[in-house]
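Asker: Sharing a model that was predicted from the sequence below.
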Amino acid sequence: MSTTEITRDRIIATDQLIRPHIRRTPVVEASGADFGLPPVQLVFKLEFLQHSGSFKTRGAFSNLLSRAVPPAGVVAASGGNHGVAVAFAAMKLRKPATIFVPTVCSPEKMERIRGYDADLVVTGERYADALAASDAWAAEWGALGIHAYDQVETLLGQGTVGLEFEEQAPSLDALLVAVGGGGLIGGVAAWYSGRTRIIGVEPEAAPTLSYALKAGHPVDCPAGGIAADSLAPKRVGDLMFPIAERHVEGVLLVPDSAIQEAQEALWRVLRVVVEPGGAAALAALLSRCYVTKPGERVGILLCGGNAAGVDFRKPSLNQAGNSNLSPVERALNSQLE
């Protein structure tokens, strides 16, 4: 594996390969004032509306469509979202899938994996435990291993998020991206290649890229916190790290309380439900870890939505009989038709 394989041309080719199987997720613009911030322009990429509920579907299809799948099918280890995505892609392409997850994986994600007809194995307390078990399974049964973040095809697939976002929202001054193993920010940073400021956001309890940048290479670090099922591997990937060194401006650490505040704000302001990992990028703004400049246009990736739902009520109707639409509902009406 080589970082030189993660190029803009290959991301374009990957986008063409997986395009028939993924959604072009919409964007919605809002003022920072809506969130109690300075009135800069915020541009949200609603990637949680992707098939299977997260950006991970892109990397899953990239792997399944560009690599030979043996009769034993595919195997993956995941904190949750990658497993859901691989299970979904395998179901759509009619390939067997076995998914290993740790006990920290949420019941909602386990249910979705089973719902996509994959074999689910729950083992160990953290992602690293599930990864070791999946590697052993692949060696024993000859299944194709699909890594959640440290694989060329995975990074190329996640890079299509950046390609798509730039088409929809050109000329961003900065783009905030949540970091776990680094597949998303690695692919996105490879796409932008320094043309936009890319800033990582990590939970304080899972500072994988922060530790790696300080050490000069990926290192083991704490793996916990509110987003442990999506943003808490032991270390970032070896493939993404050189990309981050070149093209990621910095990494911000946010407390769990800010991530929860971001989830609540997204529901209150935009009427969307995202999981903790999906809200981490906005948490950097709400916690003032990232301070905007006047006139700045900031992109925010909402990357995952596999969370427990809220108690929805029937929408109130106005006198004309039409629902009162939130900004996201208006965006969806225009972009998903």
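Answerer: Received it, and whenever you're ready, just let me know what you need.
Asker: Tell me who's in contact with Ser171.
Answerer: Contacts for Ser171 (C-beta atoms under 8 Å, 6 or more residues apart in numbering) come out as Arg297. In this view, the C-beta of every residue, glycine as well, is placed from N, C-alpha and C.
Asker: Could you pull up phi and psi at it?
Answerer: Phi and psi for Ser171, reported as degrees, to the nearest 10, are phi 60, psi 40.
Asker: before we move on, what about Leu155?
Answerer: phi -60, psi -40.
Asker: and it, how many neighbours does it have?
Answerer: Leu155: 33 surrounding residues under other C-beta atoms under 10 Å.
Asker: excluding its backbone neighbours, what's nearest it?
Answerer: Distances taken as C-beta to C-beta, 6 or more residues apart in numbering place Gly187 nearest to Leu155, at 4.6 Å, with adjacent residues excluded.
Asker: does the one you found count as helix, strand or coil?
Answerer: Classification of Gly187 by DSSP: H, G, I helix; E, B strand; the rest coil places it in helix.
Asker: what are the ranges of the strands in the protein?
Answerer: Assigned by DSSP state E, the strands in the chain fall at 27-31, 41-45, 74-77, 97-101, 119-122, 144-145, 174-178, 197-203, 248-254, 297-301.
Asker: Buried deepest among the ones you listed, which one?
Answerer: strand 74-77 (a mean of 29; mean count of other C-beta atoms under 10 Å).
Asker: related to what we said a few turns ago, state the pLDDT value of the residue nearest to Leu155.
Answerer: Here the pLDDT value assigned to Gly187 is 98.
Asker: Settle this for me: it is touching Leu156, isn't it.
Answerer: Yes - using C-beta atoms under 8 Å, Gly187 makes contact with Leu156 at a distance of 6.7 Å.
Asker: the more surrounded of those two?
Answerer: Per other C-beta under 10 Å, whichever of Gly187 and Leu156 has more neighbours is Gly187, with 31 against 28.
Asker: contacting residues for that one?
Answerer: By C-beta under 8 Å, 6+ apart, the contact set of Gly187 is 6, 11, 59, 154-162, 240.
Asker: which residues does the residue nearest the centre of the chain contact?
Answerer: With distances taken as C-alpha atoms, centre = their mean, the residue of the chain nearest its centroid is Cys303 (3.9 Å). Applying C-beta under 8 Å, 6+ apart to Cys303 gives the contacts 47-48, 54-55, 161, 177-178, 184, 277-278, 281.
Asker: Most neighbours of all the residues you listed, which one?
Answerer: Gly277 (34 neighbours).
Asker: Tell me which stretches of this protein form helices.
Answerer: Remark: helices assigned in the chain by DSSP state H are 8-18, 56-66, 81-92, 107-115, 127-141, 152-168, 183-192, 208-215, 240-247, 256-270, 276-286, 327-335.
Asker: between those helices, which one is nearest to Val43?
Answerer: helix 152-168 (8.3 Å; C-beta to C-beta).
Asker: can you dump the C-alpha coordinates of that closest one into PDB?
Answerer: What follows is helix 152-168, C-alpha atoms only, in PDB (Å, rounded to 0.1, in the frame of the first residue of the first chain):
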ATOM      1  CA  VAL A 152      -6.200   2.500  -0.500                       C
ATOM      2  CA  GLU A 153      -9.700   1.600  -1.800                       C
ATOM      3  CA  THR A 154     -11.300   2.800   1.400                       C
ATOM      4  CA  LEU A 155      -9.500   6.200   1.300                       C
ATOM      5  CA  LEU A 156     -10.400   6.600  -2.300                       C
ATOM      6  CA  GLY A 157     -14.000   6.000  -1.600                       C
ATOM      7  CA  GLN A 158     -14.100   8.500   1.300                       C
ATOM      8  CA  GLY A 159     -12.300  11.000  -0.900                       C
ATOM      9  CA  THR A 160     -15.400  11.200  -3.100                       C
ATOM     10  CA  VAL A 161     -17.000  13.100  -0.200                       C
ATOM     11  CA  GLY A 162     -14.600  15.900  -0.900                       C
ATOM     12  CA  LEU A 163     -15.100  15.800  -4.600                       C
ATOM     13  CA  GLU A 164     -18.800  16.000  -4.200                       C
ATOM     14  CA  PHE A 165     -18.700  18.700  -1.600                       C
ATOM     15  CA  GLU A 166     -16.500  20.900  -3.700                       C
ATOM     16  CA  GLU A 167     -18.900  20.600  -6.600                       C
ATOM     17  CA  GLN A 168     -21.800  21.600  -4.400                       C
END
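Asker: and the angle for it with strand 297-301?
Answerer: If you take axes from the mean of the first three to the mean of the last three C-alpha atoms, to 10 degrees, helix 152-168 sits at 140 degrees to strand 297-301.
Asker: quick one: buried residues of helix 152-168?
Answerer: The neighbour-count check on helix 152-168 (16 or more other C-beta atoms under 10 Å) flags 152-166 as buried.
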